[in-house]
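coordinates only, sequence not included:
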């Protein structure tokens with residue numbers, strides 16, 4: 001395997017730095033880490049519960065997680081939230 005091919009393979013397994021959360025996704029994740037329910041997050045941010053679900057779906061995708069607990073754990077571990 002050539003150097004260029006090996007470099008491409010290794011880089012494909014590394015996390016992409018372009019998966020940064022938006023300000024609103026940070027807000028939602030922060031409230032999620034505080035233990036707020038989807039309904040409480042929607043009320044506090046003046047958005048619908050469906051919009052909260054949409055933001056959380058995007059957060060899961062960007063953080064490469066599959067559940068609320070994984071998202072909270074990763075956010076706290078990597079200091080994504082305050």
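Yep, it's here. Just so we're clear, the structure is a prediction, and the values are computed from it rather than from any experiment. Numbers count the residues shown, from 1 in each chain.

pull the contacting residues for the residue nearest the centre of the chain.
Centroid check for the chain by Cα atoms, centre = their mean gives residue 59 as the closest residue, at 2.9 Å. Residue 59 makes contacts with 21, 25, 28, 29, 71, as judged by Cβ atoms under 8 Å, 6 or more residues apart in numbering. For every residue, glycine as well, the C-beta is placed using N, CA and C.

again with residue 30
81, 82.

how about it, secondary structure?
helix (DSSP: H, G, I helix; E, B strand; the rest coil).

most neighbours among the contacts of residue 59, which one is it?
Using other Cβ atoms under 10 Å as the neighbour test, the contacts of residue 59 are led by residue 28, with 28 neighbours.

that residue contacts residue 54, doesn't it?
No: using Cβ atoms under 8 Å, residue 28 is not in contact with residue 54; the gap is 9.5 Å.

which stretches in this protein count as helices?
Ranges of helices in the chain, per DSSP state H, are 3-13, 23-33, 38-45, 49-63, 68-77.

got these as JSON lines, with mean pLDDT columns?
Formatted as JSON lines, the helices of the chain follow (pLDDT from 0 to 100):
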{"stretch": "helix 3-13", "mean pLDDT": "75"}
{"stretch": "helix 23-33", "mean pLDDT": "96"}
{"stretch": "helix 38-45", "mean pLDDT": "97"}
{"stretch": "helix 49-63", "mean pLDDT": "96"}
{"stretch": "helix 68-77", "mean pLDDT": "94"}
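
which one of those is the most hemmed in?
Comparing the helices of the chain by mean neighbour count (mean count of other Cβ atoms under 10 Å), helix 23-33 comes out on top with a mean of 18.

quick one: distance of it to the chain centre.
9 Å (Cα atoms, centre = their mean, to the nearest Å).
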